[in-house]
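>>> what would the 3D arrangement of this be:
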Amino acid sequence: MTEIRTLPEAVAELIHDGDTVAMEGFTHLIPFAAGHEIIRQGITDLTLIRMTPDVIYDQLIGAGLVKKLIFSWGGNPGVGSLHRFRDAVENGWPRPLELDEHSHAGMANRYVAGASGLPFAVLRGYRGTDLAGRSDTISTVTCPFTGEELAAVAALNPDVTVIHAQQADRDGNVQMWGLTGVQKEAALAAERVLVTVEEIVDELSPRPGGVVLPGWVVTAVARVPGGAHPSYTAGYSVRDNDFYQAWDPISRDRDKFTAWVQANILASEGVLSR
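All right, here's what the predicted structure looks like:
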């Protein structure tokens, strides 16, 4: 059965040193509060997975908790680079960062393979790039029906998937709507699933285009209003564009970044300031 926990309890129970952790969400529903709780608890040596790593992964990498990143595209949306990410790759600060880079299509297919219980996925892709030569999770297979050579990508099966959603009921069924990405596939592929939600309701009301994760998929739910800030939650909040702009000068400087983490994560209960 799904357990309803506080966020500190859920993170402590489900995420451990050395785990492979996927934190998904596309444009909105990005689980910032959960990422900050990982930083507070100092959970380290993580392998992080995300299709579009943005500011939350910049923060986790800069905090020195990440040894490897599995991803496709990384940046501060609408602003520019992730400077803590770049510093780790280019200078090994605060620690070296191993990379496994894929295309968006490759990452989505890897999650689907993991969710389907398959060892790999097949797609047309990677031609004209050097990604296959840089990753041991990209190979080729020959179609037994046409003889065509296709790309093959290894399945992703995170130890833990963390997502944010609008609602959960008291049985742990979760519903999200608006722009969605690969949250469903990432959850189905994982051994454990933590969902932070805006509210817990007695009954979920069907939503056009909504995605429902049944309680048997979800290990723990934590009620965290505003848990996606500075991204947004459709129907509950708007994107804090000023924060993304402000993050650029903070993240460029190691001392400014370290001071920001101390003031806004380690010494706070999740209230972000600029």
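
>>> switch to C-alpha atoms for all contacts and neighbour counts from now on
Will do.

>>> and Val182, how far from Pro158?
Summarising the geometry, the distance separating Val182 from Pro158, computed by C-alpha to C-alpha, to the nearest Å, is 13 Å.

>>> okay, these two: which has more neighbours?
A side-by-side neighbour count of Val182 and Pro158, using other C-alpha atoms under 10 Å, places Pro158 first with 25 against 17.

>>> quick one, what contacts the more buried one?
Contacts here follow C-alpha atoms under 8 Å, 6 or more residues apart in numbering; on that basis Pro158 touches Thr20, Val21, Ala22, Ile49, Ala186, Ala189, Ala190, Glu191.

>>> now with 7 Å?
With contacts defined as C-alpha atoms under 7 Å, 6 or more residues apart in numbering, Pro158 is in contact with Thr20, Val21, Ala22, Ala189, Ala190, Glu191.

>>> only whichever of those are buried, select them in PyMOL.
In PyMOL, a selection of the buried entries from these looks like this (16 or more other C-alpha atoms under 10 Å):
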select buried, resi 20+21+22+189+190
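
>>> and the contacts of Pro158 as CSV, adding distance to Met107, pLDDT and secondary structure?
Written out in CSV, the entries for the contacts of Pro158 read as follows (distance: C-alpha to C-alpha, whole Å; pLDDT from 0 to 100; DSSP: H, G, I helix; E, B strand; the rest coil):
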residue, distance to Met107, pLDDT, secondary structure
Thr20, 15, 98, strand
Val21, 14, 98, strand
Ala22, 12, 98, strand
Ala189, 12, 98, helix
Ala190, 14, 98, coil
Glu191, 18, 98, coil
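
>>> strands along the chain, start to end?
In chain order, the chain shows strands spanning 3-5, 20-23, 46-50, 66-71, 98-101, 120-123, 138-142, 149-154, 160-169, 174-176, 192-201, 211-213, 220-223, with DSSP state E as the criterion.

>>> could those go into TSV alongside distance to Glu90?
Supplementary listing: the strands of the chain in TSV, determined by distance: least, C-alpha to C-alpha, whole Å:
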stretch	distance to Glu90
strand 3-5	39
strand 20-23	23
strand 46-50	18
strand 66-71	14
strand 98-101	11
strand 120-123	31
strand 138-142	24
strand 149-154	27
strand 160-169	28
strand 174-176	37
strand 192-201	32
strand 211-213	39
strand 220-223	36
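
>>> surely Val197 meets Gln166?
Yes. A contact is recorded between Val197 and Gln166 when judged using C-alpha atoms under 7 Å, the distance being 5.2 Å.

>>> ok, back up a step: which single one of the contacts of Pro158 is nearest to Asn241?
Set against Asn241, the nearest of the contacts of Pro158 by C-alpha to C-alpha is Ala22 (24.1 Å).

>>> got a list of what that closest one touches?
With C-alpha under 7 Å, 6+ apart as the criterion, the residues that contact Ala22 are Leu48, Ile49, Arg50, Pro158, Val160, Thr161, Val162.

>>> where's Val261 relative to Leu131, distance?
Separation of Val261 from Leu131 (C-alpha to C-alpha) stands at 33 Å.

>>> give me the more crowded residue out of the two.
Ranked by neighbour count (other C-alpha under 10 Å), Val261 and Leu131 place Val261 first, with 21 against 16.

>>> distance of the more buried one relative to Ala34?
14 Å.

>>> ditto for His16
Distance, His16 to Ala34, using C-alpha to C-alpha: 13 Å.

>>> what do you get for Ala190?
Between Ala190 and Ala34 the computed distance is 17 Å (C-alpha to C-alpha).

>>> and for Gly78?
Look at Gly78 and Ala34: by C-alpha to C-alpha, they are 23 Å apart.

>>> so which of those two has more stuff around it?
More crowded of Gly78 and Ala34, by other C-alpha under 10 Å: Ala34, with 27 against 9.

>>> which parts of stretch 72-85 are buried?
Ser72, Gly74, Gly75, Asn76, Pro77, Ser81, Leu82, His83, Arg84, Phe85.
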